[in-house]
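One predicted model, sequence on top.
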Amino acid sequence: MKGIQFIRNSSEEGAATDIELPRPKAIGRDLLVQIEAIAMNPVDYKVRPAENEPPKVVGFDAAGTVVETGDAVTLFQKGDLVYYAGDVTRAGTNAEFQLVDERIVAKRPTSLDAASSASLPLTSLTAWEALFDQLGINPDNPSDNSNKSLLIIGGAGGVGSIAIQLAKLAGLNVVATASRKESSDWCHNLGADHIINHHKDLPPQLKSLGFENVDYIANFNEIDGVWEAMADMIAPQGGIVLITGHQTQLDFGGALKLKSAKICWEFMFTRSMFQTDDMIAQHHILETVAALVDRGKLIATANSSMTPINAKNILEGHRRLESGTTIGKLVLSGWE
């Protein structure tokens, strides 16, 4: 089968190559999926092989067709059209066929093609878990959240683009950050009530909108440069969810302690990495996301596409992501 393998941690020409790989066989709860489209995420370039590590097939978001099922599979059958975000401990989606545990897979939206479907899983799971699992926001009673406010740092990125929509469906007042006109327009079009610039001091901008503080902060961007600002902006007994690492020593005391602020992490791969008892929750979340898309309540955020899936285009995708200027999701589809 066709695949793309990274041989070093770089997006320069030659860092990834087109290769032939053996086709795996499904056993247990695994599905063998023939991949039709993939989407790219920052985690893709963060897990490229380091020096002295063996070559690696990376990639996480995918949409495709089930071509084989393991003997313990109960949720799917051959021919099902599916989408998923994969498992960081296993070979990635940059291959023509991939094994994936059925508990983190769902049937893809019937209203979308493979490329648009592939843009959804990782960002939808991350946004859903961040807002509803980690911060504990109730998605089922929007009226309960009508007086609650959420600041999304990094609103135009892949996760932020889905989080804006989910937060509005949950009834929250949403302030998103963006730094360019096109990214601000993108956030507004997705439903954000207000936009502020994360390249400028955030607290004064928030106050100028009439917010003394916010009940929740979802930071889908870097942490270090806004840590003190988040401590200033969060409401007493509010909650902050983070998805990226930090480079400097962070002060978890001070205002955060005095406000009894909740700090939590969201890592979408936790359930599959540790085979948690509730691992199947990701199957159910993706089912809900597909239903929301098919009902016109949630839109896919694919904003750029390339074809075919090969080393040249994968490397170009990594370079675009590393630039930090992408809006929405970048998808690749088809094989040569």
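Nice, I can see it. Here the structure is a predicted model, which is why all the values come from computation and not from measurement.

Which phi and psi values does the residue nearest to residue 105 when sequence neighbours are not counted adopt?
In space, residue 105 comes closest to residue 84 once its chain neighbours are excluded; the distance is 4.3 Å by CB to CB, 6 or more residues apart in numbering. Using the backbone N, CA and C atoms, a C-beta is placed for each residue, glycine as well. Note on residue 84: backbone dihedrals following degrees, to the nearest 10 are phi -170, psi 170.

Show the pLDDT at residue 84.
pLDDT recorded at residue 84 is 98.

Pretty sure it sits against residue 104.
Yes. Shown here, residue 84 and residue 104 form a contact pair, counting by CB atoms under 8 Å, at 5.6 Å.

any shared contact partners between the two?
residue 286 (CB atoms under 8 Å, 6 or more residues apart in numbering).

Comparing those two, which shows the higher neighbour count?
residue 84 (32 against 24; other CB atoms under 10 Å).

Relative to residue 35, how far out is that one?
As judged by CB to CB, to the nearest Å, residue 84 and residue 35 stand 10 Å apart.

Next: residue 225.
37 Å.

which of those two has more neighbours?
More neighbours surround residue 35 than the other of residue 225 and residue 35, with 26 against 14 (other CB under 10 Å).

per-residue pLDDT, residue 131?
We note a pLDDT of 98 for residue 131 in this prediction.

Compute the number of surrounding residues for it.
Number of residues near residue 131 (other CB under 10 Å) recorded here: 26.

three-state assignment of it?
When classified by DSSP: H, G, I helix; E, B strand; the rest coil, residue 131 comes out as helix.

what's near enough to touch the closest residue to it other than its chain neighbours?
Spatially, and ignoring its direct neighbours in sequence, residue 131 is nearest to residue 137 (5.1 Å; CB to CB, 6+ apart). Each residue near residue 137 by CB under 8 Å, 6+ apart is listed here: 131, 145, 148, 150, 167, 170, 172, 216.

Among the residues you listed, which lie within helices?
residue 167 (DSSP state H).

any idea which of the contacts of residue 137 is closest to residue 248?
Ranking the contacts of residue 137 by separation from residue 248, with CB to CB as the measure, puts residue 216 on top at 23.7 Å.

Report how many residues lie close to that closest one.
Counted with other CB under 10 Å, the neighbours of residue 216 add up to 25.

Quick check: buried residues in stretch 263-271?
263, 266, 268-269, 271 (16 or more other CB atoms under 10 Å).

Give me the neighbour count for residue 229.
By other CB under 10 Å, neighbour count at residue 229 equals 19.

quick one: average confidence on the helix or strand hosting it?
Assigned by DSSP states H and E, residue 229 falls within helix 227-233. Across helix 227-233, the average pLDDT comes to 96.

Name the residues that touch that helix?
Under CB under 8 Å, 6+ apart, the answer for helix 227-233 is 151, 153, 201-203, 206, 211, 213-214, 217, 219, 240, 246, 250-251, 254-256, 259, 261.

Buried among those? Make that a ChimeraX selection.
Buried residues among those (16+ other CB under 10 Å), as a ChimeraX selection:
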select :151,153,202,203,206,211,213,214,217,219,240,256,259,261
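
Mind checking which of the contacts of helix 227-233 are in helices?
202-203, 206, 254-256.

is it possible to export the residues you listed to CSV including pLDDT?
Listed next are those as CSV, based on pLDDT from 0 to 100:
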residue, pLDDT
202, 96
203, 96
206, 96
254, 91
255, 94
256, 96
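
and the two most separated of those residues?
Of all pairs drawn from these, the widest gap by CB to CB lies between 206 and 254 and measures 18.6 Å.

tell me the helices in the chain, going along the chain?
42-46, 114-118, 121-128, 158-169, 181-190, 202-208, 227-233, 254-258, 270-273, 281-294, 311-323.

of those, which approaches residue 108 most closely?
For the helices of the chain, the distance to residue 108 is smallest for helix 114-118, at 4.0 Å, taking CB to CB.

What is the least confident helix or strand in the protein?
strand 302-306 (a mean of 91; mean pLDDT, DSSP states H and E).

helices or strands up against that strand?
Applying 3 or more CB pairs under 8 Å, 6 or more residues apart in numbering; DSSP states H and E, we find strand 302-306 packed against helix 114-118, helix 311-323, strand 329-333.

And these: which comes nearest residue 16?
Closest approach to residue 16 among these is made by helix 311-323 (4.4 Å; CB to CB).

could you say what helices and strands the closest one packs with?
Identification of packing neighbours for helix 311-323 by 3+ CB pairs under 8 Å, 6+ apart yields strand 16-20, strand 30-40, helix 42-46, strand 302-306, strand 329-333.

Run through who's touching it.
4, 11-13, 15-18, 40-42, 44-45, 48, 59, 94, 304, 306-307, 326, 330, 332.

Buried ones among the residues you listed?
4, 11, 15-16, 40-42, 44-45, 48, 59, 94, 306, 326, 330, 332.

re the thing from before, mind putting the helices and strands packed on helix 311-323 into a markdown table with distance to residue 317?
As requested, the helices and strands packed on helix 311-323 are arranged in a markdown table below (distance: least, CB to CB, whole Å):
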| stretch | distance to residue 317 |
| --- | --- |
| strand 16-20 | 10 |
| strand 30-40 | 4 |
| helix 42-46 | 8 |
| strand 302-306 | 7 |
| strand 329-333 | 5 |
